[in-house]
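Peer 1: Prediction below, plus the sequence it came from.
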Amino acid sequence: MQSKRQSGSLSGLEGPHRQQQTRRQGGEPYPGIRKQYRPGGHSAVSSSAPMLPPPGSVTPPRISPRTSPRRRTSPSGQECRQPELTPQKQPRSNSIDKGLLVDRGSGRSVEDIYELETDKIGQGTFGIVRRAKHRMTGIAKAVKVIEKAKVKDPRQLKREVANMRILDHPNIVRLYETFEDATTVQLVLELCGGGELFHAITKDNVLKLIDFGLSCRCKPPEVLREVVGTASYVAPQVLMRNYDKQCDLWSCGIVMYIMLCGHPPFRGKNQAELLLKVRDGSFVFDAKVWRTVTRGAKNLITMLLKRDPEERHSAEKALTDPWLLAAAPKNSALLREAPLRDVLVQDLRSFSAENRLKKAALHVISRQLSDEHTRELQDIFRALDADNDGMLSLHDLREGLALWGVPEDIPDLELIMDGLDLDGTGYVDYTEFLAAAVDKERFLNKDVCMCAFNIFDSDGDGKITNGDLRKVLDKGSFARDVAGRRDALVKDVARNGDGTIDFEDFMAMLTKPSGMSTAASEMSP
């Protein structure tokens, strides 16, 4: 199966058994991949109760940059739909780098924007985590404060932030804003409820992937040599300093094993004994514990925990495992239960015709919404995603809408698709879909819109200038025709005659009914 997008093999999340991370010399094992899968709280609310992203997420391993196919969605297999193997498109020249839509503070401090609680909700090697409340919206967040002096390799910290800016899925914790001062870097993250996976496996929780401090990209046939992480979750190949993205599938097998029985497959009296068992790779299903677990589930775990990575399931293979397909909700069933079929296509069509500033602003606003507000749209997105790779192709959209009872002969569907695709990859990711389909009247309040305005107002002077737009909408470089269209956009939105967009202009643009902007067609992709 061909990947739609090349992105990081997420080898960097610490597990429930928090291990002391110490380097060893002469090739001795260093506790493997920091793998921490945490429940994001009950499906209703993911930002209502504290579940801290681990503070010690930045460790100084020097791992080569890498790219590899990412498969990190909740499985919702649909047996009757075959994913279309479509070559990845080249980004458009007028696409938007969505990493720029994560607020960098605009000259303000984190205390200017958030009221931080005094008590720490977590502490690690490199810093602390505090619960915080946005001063305008009242929304609770987690703020991870990383001390620069404790990070030996600043590149690792930059890589963590860069990775989190581009990750976009309902089961991946969101990065909202970043701040920096002379001594610390502060990451404002989604605050999730539910606690550690290991302590909450019996609850009805939504899993969230967090902490990408050790994640990097891996492009086949590149091999990684650095040994990092937590011993309970590390693959044998990591300990042998010869591994690639398949190490993540081993860690997924460990997580699945824990979820179904309550303890990891490899245990020892001490770390050395544990690592010897991991290297050997042999494990058992204790009959007393596993007697109620189906053969299919155990078969999937066995395929994920194959010691030989060539025999181990790939992410694509795991997502099409018969047991998983049978156990997961079917796409067609999810679509039949969704109540929005009559208005969704029109919402997508209307959004696709908007100007790029409005699209980008709605993207920022949609990122702020909690799981409680987006549950139905999350289910629809997963149901439309035929191959469960976290992105929608034109084929996904056409076939999914057909299953939903929407006629296939939508003449402008490809044009709609292009209009939804904000970053020009040729596919629609989760927040792009959310920005187009969310109930705008319900969520476009003044405080939320001000947060979005501040991202475009890069110098914090209360106005969005042509230069501000260039930094966000044109990736810092632009062709002459793009510059001309940006001028037209400012002229269309600004009402004060000075060539700048103030907050009232910005609000008027967001609340204006679709199709009323004269610059919309000029600035849309």
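Peer 2: Received the coordinates, thanks.

Peer 1: beta partners of Glu147?
Peer 2: Thr184 (DSSP bridges).

Peer 1: and it, what is it in contact with?
Peer 2: 126-127, 183-184 (Cβ atoms under 8 Å, 6 or more residues apart in numbering). For glycine as for every other residue, the C-beta is placed from the backbone atoms N, C-alpha and C.

Peer 1: how about these, which pair is most distant?
Peer 2: Phe126 and Thr183 (12.4 Å; Cβ to Cβ).

Peer 1: just to revisit the earlier point, got a ChimeraX select line for the buried ones in the contacts of Glu147?
Peer 2: Per 16 or more other Cβ atoms under 10 Å, the buried members of these correspond to this ChimeraX selection:
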select :126,127,184
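
Peer 1: Near the closest residue to Asn163 other than its chain neighbours, how many residues? Count them for me, please.
Peer 2: Closest residue to Asn163 apart from its sequence neighbours, by Cβ to Cβ, 6 or more residues apart in numbering: Phe212 at 4.7 Å. Residues near Phe212, counting by other Cβ atoms under 10 Å, number 26.

Peer 1: Begin at 204 from now on, thanks
Peer 2: Done: numbering now begins at 204, and the last item shifts to Phe415.

Peer 1: how many neighbours does the spatially closest residue to Ile299 that is not a sequence neighbour have?
Peer 2: Closest residue to Ile299 apart from its sequence neighbours, by Cβ to Cβ, 6+ apart: Leu625 at 5.2 Å. Leu625 has 24 neighbours, counted by other Cβ under 10 Å.

Peer 1: Just to be sure, the residue nearest to Asn366 is in a helix?
Peer 2: No. Secondary structure of Phe415 (DSSP: H, G, I helix; E, B strand; the rest coil): coil, not part of a helix.

Peer 1: any idea how far Arg368 is from it?
Peer 2: As for Phe415, its distance to Arg368 is 10 Å (criterion: Cβ to Cβ, to the nearest Å).

Peer 1: Asp624 now?
Peer 2: 18 Å.

Peer 1: if you count what's nearby, which of those two comes out ahead?
Peer 2: A direct count of neighbours by other Cβ under 10 Å for Asp624 and Arg368 places Asp624 higher, at 24 against 17.

Peer 1: Just the buried residues of stretch 319-337, please?
Peer 2: Under 16+ other Cβ under 10 Å, the buried positions of stretch 319-337 are 324-325, 327, 329-335, 337.

Peer 1: May I have the distance across that stretch, first residue to last?
Peer 2: 9 Å (Cα to Cα, to the nearest Å).

Peer 1: Please apply the same query to stretch 590-598.
Peer 2: 11 Å.

Peer 1: pLDDT (mean, whole number) over it?
Peer 2: For stretch 590-598, the mean per-residue pLDDT is 89.

Peer 1: can you check stretch 513-527 too?
Peer 2: 94.

Peer 1: got a list of what Lys649 touches?
Peer 2: Met710.

Peer 1: ugh, typo on my part, it should be His516
Peer 2: 452, 503, 506-507, 509, 524.

Peer 1: could I get the residues you listed as JSON lines with secondary structure and distance to Cys654?
Peer 2: Formatted as JSON lines, these follow (DSSP: H, G, I helix; E, B strand; the rest coil; distance: Cβ to Cβ, whole Å):
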{"residue": "Leu452", "secondary structure": "helix", "distance to Cys654": "38"}
{"residue": "Leu503", "secondary structure": "helix", "distance to Cys654": "42"}
{"residue": "Met506", "secondary structure": "helix", "distance to Cys654": "45"}
{"residue": "Leu507", "secondary structure": "helix", "distance to Cys654": "40"}
{"residue": "Lys509", "secondary structure": "coil", "distance to Cys654": "46"}
{"residue": "Asp524", "secondary structure": "coil", "distance to Cys654": "41"}
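
Peer 1: Give me the buried subset of those residues.
Peer 2: 452, 503, 506-507, 509, 524.

Peer 1: which one of those sits closest to Ala490?
Peer 2: Out of the buried ones among the contacts of His516, the member with the shortest distance to Ala490 (by Cβ to Cβ) is Leu503, at 18.5 Å.

Peer 1: my guess is the closest one contacts Thr523, does it?
Peer 2: No. Here Leu503 lies out of contact with Thr523, judged by Cβ atoms under 8 Å, at a distance of 10.8 Å.

Peer 1: Poorly predicted segments of the protein, please.
Peer 2: Counting by pLDDT under 70, the chain contains low-confidence residues at 204-298, 301-303, 305-310, 396-408, 533-545, 610-611, 677-687, 717-728.

Peer 1: what about the helices in the stretch 254-403 of the chain?
Peer 2: Using DSSP state H, counting those that start in this stretch, the helices found in the stretch 254-403 of the chain span residues 313-316, 357-369.

Peer 1: Check the offset of the strand ranked longest in the chain from the chain's centre.
Peer 2: In the chain, taking DSSP state E as the definition, the longest strand is strand 317-326. The chain centroid and the centroid of strand 317-326 are separated by 24 Å under Cα atoms, centre = their mean, to the nearest Å.

Peer 1: now swap in stretch 604-617 and tell me
Peer 2: 28 Å.

Peer 1: Any chance of TSV for the contacts of His516, columns distance to Glu557?
Peer 2: Shown next, in TSV, are the contacts of His516 (distance: Cβ to Cβ, whole Å):
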residue	distance to Glu557
Leu452	40
Leu503	43
Met506	45
Leu507	43
Lys509	48
Asp524	40
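
Peer 1: I'd say Tyr467 and Ile457 touch.
Peer 2: One correction, residue 467 is Pro, not Tyr. Yes. Between Pro467 and Ile457 there is a contact at 6.0 Å, judged by Cβ under 8 Å.

Peer 1: Between the two, which has more neighbouring residues?
Peer 2: Counted by other Cβ under 10 Å, Pro467 and Ile457 do not tie: Ile457 has more neighbours, with 27 against 20.

Peer 1: How about the more buried one: what's its closest non-neighbour residue?
Peer 2: Tyr436 (5.0 Å).

Peer 1: re earlier: out of the helices of the stretch 254-403 of the chain, which gets nearest to Gly663?
Peer 2: helix 313-316 (9.6 Å).

Peer 1: Can you name every helix or strand that that closest one contacts?
Peer 2: With contacts defined as 3 or more Cβ pairs under 8 Å, 6 or more residues apart in numbering; DSSP states H and E, the packing partners of helix 313-316 are strand 378-383.

Peer 1: What would the strand it packs on look like as PDB? C-alpha coordinates only.
Peer 2: Output of strand 378-383 as PDB, limited to C-alpha atoms (Å, rounded to 0.1, in the frame of the first residue of the first chain):
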ATOM      1  CA  LEU A 378       0.300  21.800  20.300                       C
ATOM      2  CA  TYR A 379      -1.400  25.200  20.500                       C
ATOM      3  CA  GLU A 380       1.300  27.800  21.100                       C
ATOM      4  CA  THR A 381       5.000  28.100  21.800                       C
ATOM      5  CA  PHE A 382       6.800  30.800  23.900                       C
ATOM      6  CA  GLU A 383      10.400  31.400  24.600                       C
END
